[in-house]
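[1] structure, please.
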Amino acid sequence: MKKLLSLFTLTALGAGAAQADTVVEWGAPSGATDIVTATQELGTGADPDIDTPTTYSSGHVASPVVGADYYPNNTGKSPTFNWAGSTTGAGNTQIFNPGNAANPDQIQFVTGNNDDPNFDGMIVWENFVTAPTTDLASFTTSIYRTGSGDLSGNLKFIFQDSADNWFASSDDFVIATGFDTRTLNVTGSTEWLAFTPHVSGDATIGAVASPASLSDVQAVGFYFDITKDGVAGKNAGVSLQHFGVSTVPEPGAFALIAGSLALGFVMVRRRK
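    Residues are numbered from 1 along each chain as shown. Okay, here's the model as predicted:
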């Protein structure tokens, strides 16, 4: 019996080790309420409300300074992110704190009350919880669209590969009007499109393209596109409560499982 218990323990350890490695995690799937103590604006310009980078610049930090007021408990989390998009006018780019335990802290990008027919942006993480040395396994986000003028919204997951090229998922994911989870499980047959980050407010999604590799990526995130009704005096945007990316386990984790199973086979044979 003790030998069998040891087998079960080893197998459980192996299975745990083979779980996907977390590369990025902001927030939590069910929402987190300990990220900010109060709403914090993004950007460092004279007027943070309109400090919206319309050209993506690698290494730019859009998130607030990590400390007592922003992500004080960040072990295993990814507080630092970058973003760019079409202009928000006099809108809000912020870490929004609803001020009650029933609603999570969230990243918000919302336009001002203008008549622009579209609002799009990209938010990416360039700093990782675990270095992505193995292939991408999954992207997931919990997001919703908001505003008085939004009509529809979609997102694509994006990443920058080891050769500095950007890619967007071929699949479009609908952004609903309430928090909803969207997940892309990456496989060898997942189709990718060439992606060009924002320059002067415009991003480009191109034809089908193949990444140099799905490992050793340099940045991960998502691109969103919101369609507005184009009526002056109305706004639109997105709110994010969770974003996560994982990679496949290191080969050593699978070796541990195989070893555990082999040991179990030998033990069972001996008992017979």
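
[2] is Phe173 in a bridge, and if so with what?
    With DSSP bridges applied, Phe173 shows beta-bridge pairing to Leu155.

[3] and it, how far is that from Gly112?
    Distance, Phe173 to Gly112, by CB to CB, to the nearest Å: 26 Å. For the C-beta atoms, the positions are set from N, CA and C on the backbone; glycine is no exception.

[4] more neighbours: these two, which one.
    Between Phe173 and Gly112, counted using other CB atoms under 10 Å, Phe173 has the larger neighbour count: 21 against 17.

[5] surely Ala232 meets Gly112?
    No - assessed by CB atoms under 8 Å, Ala232 is found out of contact with Gly112, at 10.4 Å.

[6] which residues in the stretch 1-150 of the chain form helices?
    In the stretch 1-150 of the chain, the helices defined using DSSP state H, counting those that start in this stretch lie at 2-17.

[7] any regions of it where pLDDT drops low?
    By pLDDT under 70, the weakly predicted segments of the stretch 1-150 of the chain are 1-19, 43-51, 88-90, 101, 115.

[8] residue ranges of the strands in it, please?
    Ranges of strands in the stretch 1-150 of the chain, per DSSP state E, counting those that start in this stretch, are 21-27, 40-41, 82-85, 92-96, 106-110, 118-125, 136-146, 150-160.

[9] and the residue lying closest to Asn73 once chain neighbours are set aside, what does it touch?
    Counting by CB to CB, 6 or more residues apart in numbering, Asn73 lies nearest to Asp34, which is 6.1 Å off, once chain neighbours are set aside. By CB atoms under 8 Å, 6 or more residues apart in numbering, the contact set of Asp34 is Pro72, Asn73, Asp105.

[10] and for Asp150?
    Thr177, Ile226, Thr227, Lys228, Asp229, Ala236, Gly237.

[11] please redo it, this time with the cut-off set to 7 Å
    Asp150 is in contact with Ile226, Lys228, Ala236, counting by CB atoms under 7 Å, 6 or more residues apart in numbering.

[12] over to Trp192?
    Listed by CB under 7 Å, 6+ apart, the contact set of Trp192 reads Phe167, Ala168, Ser169, Ser170, Ala209, Ser210, Pro211.

[13] rerun at 6 Å
    Applying CB atoms under 6 Å, 6 or more residues apart in numbering to Trp192 gives the contacts Phe167, Ala209.

[14] ok, Thr190 next?
    By CB under 6 Å, 6+ apart, no residues touch Thr190.

[15] secondary structure element holding it?
    Using DSSP states H and E, Thr190 is not contained in any helix or strand.

[16] any idea how far Pro211 is from the spatially most central residue of the chain?
    Geometric centre of the chain, nearest residue: Phe243, 3.4 Å, by CA atoms, centre = their mean. Going from Phe243 to Pro211 by CB to CB gives 20 Å.
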